[in-house]
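1. Show me the folded form of this:
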Amino acid sequence: MTPPLALFILGHAGVGKSFLTTRFIQAQDAASRAWCVLDKDVVSESWSGPLLQALGHDPNDRDSPAFKAHVRDLGYLSTLRIGRDQLEHGLNVIFPGPWNRELASGALFSASALGLPADTRMRHVWLELPEAVRRERIALRGDPRDQWKLDHWHEYVSALQRPDAVERGRITVLDASQPLAHQLDALHALVA
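-> Residues are numbered from 1 along each chain as shown. The predicted structure follows:
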């Protein structure tokens, strides 16, 4: 039996990680290939806001030092813990999200560093999109958790960097402005 696969769809806010994940899963379902989708925001949304509020912070904030110090890692660890169970049962798992710290540390390339089963096959793709398009998409989705980004756009985008693993060619890069069929073909080839 082929070991299960963990697919990380990466990129900055507004590039279309969730959109591409949904379309990819629909195509995989049509081909009778089952996947578990574990979006860190969905996994942690029921408790991250209340936790921030209990700590005396805005429950919609996802960019403050307080969020990054007290809440951020819990969301990612919860997502990975659920993912581990699914992979142990032989189910492929897709993880859309930025995963910035895990990329920077190199942990995103090691199943054991992430607490996933040792035989997990790892795949990664980085989505890119022009800044103006990302800002428009973020504004259109109307998520209150994005308000800080929109209110402090220049500060927010100045801090964004293309990860070293992307720069060195360790991760496949997809232009998210390409037709959806092209993006899906690239994903299908990556997981084949």
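2. what ranges do the strands span in the chain?
-> 5-10, 35-37, 92-96, 121-128, 172-175 (DSSP state E).
3. Which residues are in contact with residue 58?
-> If you count contacts by C-beta atoms under 8 Å, 6 or more residues apart in numbering, residue 58 has them with 52, 64. (C-beta placed from N, C-alpha, C; glycine too.)
4. thinking again about what came up before, in CSV, list the strands of the chain along with mean pLDDT, mean neighbour count and distance to residue 166.
-> Below are the strands of the chain laid out as CSV (pLDDT from 0 to 100; neighbours: other C-beta atoms under 10 Å; distance: least, C-beta to C-beta, whole Å):
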stretch, mean pLDDT, mean neighbour count, distance to residue 166
strand 5-10, 98, 23, 8
strand 35-37, 97, 18, 23
strand 92-96, 98, 24, 16
strand 121-128, 97, 18, 5
strand 172-175, 95, 17, 6
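5. Indicate which one of these is closest to residue 22.
-> For those, proximity to residue 22 was assessed by C-beta to C-beta; strand 35-37 is nearest, at 8.1 Å.
6. And the closest one, what does it pack against?
-> helix 17-30, strand 92-96 (3 or more C-beta pairs under 8 Å, 6 or more residues apart in numbering; DSSP states H and E).
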